[in-house]
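Undergrad: Kindly return the folded structure for what I paste below:
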Amino acid sequence: MTHSFVLHIPGAELEPEPLAPEQIVSGTPEVSGKVVWESEDGRQVRGVWQITPGVVTDTEADELFVVISGSATIEVEGGPTLTVGPGDLAVLREGDRTTWTVHETLRKAYAINL
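TA: Just a heads-up that it's a prediction; the model follows:
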């Protein structure tokens, strides 16, 4: 997108983003998302992401996000345990190894720097 825009995040239509089987610790979580803006060099990405209940692992990018709905506990290996819910802003550092325990389907708006 090259112009300014607005997106109603709660109603945004998302596309499936299958998890790698080795990321799933328990449950049957499903991920979906939508990139709404990407810099020309691909190093900055903005979008919406959603995950259903379950437990998954990930290695993070440099990310700032705001939770729109749902809740989760994010354990950062060697760091804090973050409890997030609607209205919370969180920052994850590039390389953080995390375990997400999603309690209710979580939807977030994010900004990632690669």
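
Undergrad: looking only at pLDDT, what's the mean for the lengthiest strand in the chain?
TA: Longest strand of the chain, by residue count under DSSP state E: strand 97-113. What strand 97-113 shows for mean pLDDT is 98.

Undergrad: Same question for that strand: list its buried residues.
TA: For strand 97-113, the neighbour count (16 or more other C-beta atoms under 10 Å) marks Thr98, Thr99, Trp100, Thr101, Val102, Leu106, Arg107, Lys108, Ala109, Tyr110, Ile112 as buried. C-beta coordinates here come from the backbone N, C-alpha and C atoms, glycine included.

Undergrad: Against Gly11, how distant is the third one?
TA: What that stands for is Trp100. Trp100 is 24 Å from Gly11, where distance means C-beta to C-beta, to the nearest Å.

Undergrad: that older thread, need the buried residues of strand 97-113 in CSV with distance to Ala72, can you?
TA: As requested, the buried residues of strand 97-113 are exported to CSV (distance: C-beta to C-beta, whole Å):
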residue, distance to Ala72
Thr98, 10
Thr99, 10
Trp100, 5
Thr101, 6
Val102, 5
Leu106, 5
Arg107, 11
Lys108, 9
Ala109, 15
Tyr110, 14
Ile112, 18
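
Undergrad: hang on, the earlier thing: mind giving me the packing neighbours of the longest strand of the chain?
TA: strand 44-51, strand 54-59, strand 62-76 (3 or more C-beta pairs under 8 Å, 6 or more residues apart in numbering; DSSP states H and E).

Undergrad: That's all I had, so thanks and see you.
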